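Engineer: pasting a predicted model and its sequence here:
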Amino acid sequence: MVVTIPVLKDFADQVGGPHVRVVSLLSGTENEHTYSPRPSDLVAVRQARAFIQVGMGLEVWVGALVRNAGNPGLLVVTTSEQIARQSGPAPGADPHGHDGNPHIWLDPEYAKVMVGQIAAAFAKSDPAHADEYRANHDRYVREIDALEAELAERLRLVTDRRIVVHHPAWPYFAGRFGFEIAGEIVTQSGAEPSARHMQALIKTIREGRIRVIVSEPQLNQKLPQMLARETAARVVVLTAMPGGVPGTATYLDMLRYNVTTLAKALEAS
């Protein structure tokens with residue numbers, strides 16, 4: 001089984017247990033927007049029984065990869081399918097591009113929907129273990145619920161939750177946990193911000209006394225560091241991918257790291 005990004009590998013491992021062997025095309029330190037498939041990826045997809053993606057325009061390179069793999073029996077699972085059909089945006093969503101913002105897994109409520117899509121696909125393709133897949137799904141959803149409650153309690157006394165972000169990966173995360181995105185350095189993946197935009201951001205940060213800028217390990221730190229020098233705000237590196245920074249090997253680890261690290265930075269400021 002092949003998945004596009006590490007968070008989907010974790011979800012598939014949680015649901016499939018010993019009955020699946022999952023390969024992620026990307027690691028936690030690679031950028032899913034600029035990724036270019038390797039020849040080994042083509043071989044992996046050609047040999048796979050199932051291929052799991054997020055969709056919503058996240059993995060623009062997937063269509064050609066699946067076509068070129070020449071695997072007519074491949075089961076393609078798009079984990080955003082039910083979410084994309086919902087009426088109205090997610091909490092805090094700021095859609096970009098015709099498919100909307102695809103970083104849905106950063107909201108644990110949407111992560112649970114994605115896990116459900118995977119469990120349903122496994123049960124359909126391997127009915128002999130369907131009950132086990134459903135039980136694993138239910139257990140993992142309870143773990144997500146427990147962590148979400150823990151993190152909400154951790155944030156209860158954090159009053160100023162305004163942040164500037166490097167890249168528009170965070171609207172679902174912010175909406176779920178009550179952070180306010182006051183500005184973005186990069187408003188569209190792959191595009192460099194103009195000098196006018198950066199000056200406007202500096203003004204926003206200074207006048208609003210915004211103290212935290214969120215960046216990601218996959219991105220060049222030059223721009224957030226420049227903003228920090230100009231405004232005395234603090235740069236905090238969070239990760240949208242499990243494995244992006246030490247201590248974030250799983251989805252739950254990543255979610256806990258992001259919330260607690262951001263809470264500490266806001267409190268310290």
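Structural biologist: Right, received. Where do you want to start? Numbers count the residues shown, from 1 in each chain.

Engineer: and for V3, the neighbour number?
Structural biologist: By the criterion of other Cβ atoms under 10 Å, V3 has 26 neighbours. In short, each C-beta sits where N, CA and C put it, glycine included.

Engineer: my guess is it contacts V20, does it?
Structural biologist: No: checked against Cβ atoms under 8 Å, the pair V3 and V20 is beyond contact range at 10.3 Å.

Engineer: which residues do these two both contact?
Structural biologist: Shared contacts of V3 and V20, defined by Cβ atoms under 8 Å, 6 or more residues apart in numbering, comprise A12.

Engineer: and the spatially closest residue to V62 that is not a sequence neighbour, how many neighbours?
Structural biologist: Leaving aside its chain neighbours, V62 sits nearest to Q53 (5.4 Å; criterion: Cβ to Cβ, 6 or more residues apart in numbering). The number of residues packed around Q53, counting by other Cβ under 10 Å, is 23.

Engineer: show me where the stretch 1-150 of the chain has strands.
Structural biologist: 2-3, 23-24, 50-53, 75-78 (DSSP state E, counting those that start in this stretch).

Engineer: quick one: closest of those to P224.
Structural biologist: strand 23-24 (26.9 Å; Cβ to Cβ).

Engineer: which elements pack onto the closest one?
Structural biologist: strand 2-3, helix 6-16 (3 or more Cβ pairs under 8 Å, 6 or more residues apart in numbering; DSSP states H and E).

Engineer: pLDDT averaged over stretch 100-110 - what is it?
Structural biologist: Mean per-residue pLDDT for stretch 100-110: 93.

Engineer: cool, and stretch 42-55?
Structural biologist: On average, stretch 42-55 scores 95.

Engineer: thinking again about what came up before, what is the residue nearest to V62 paired to in the beta sheet?
Structural biologist: T78 (DSSP bridges).
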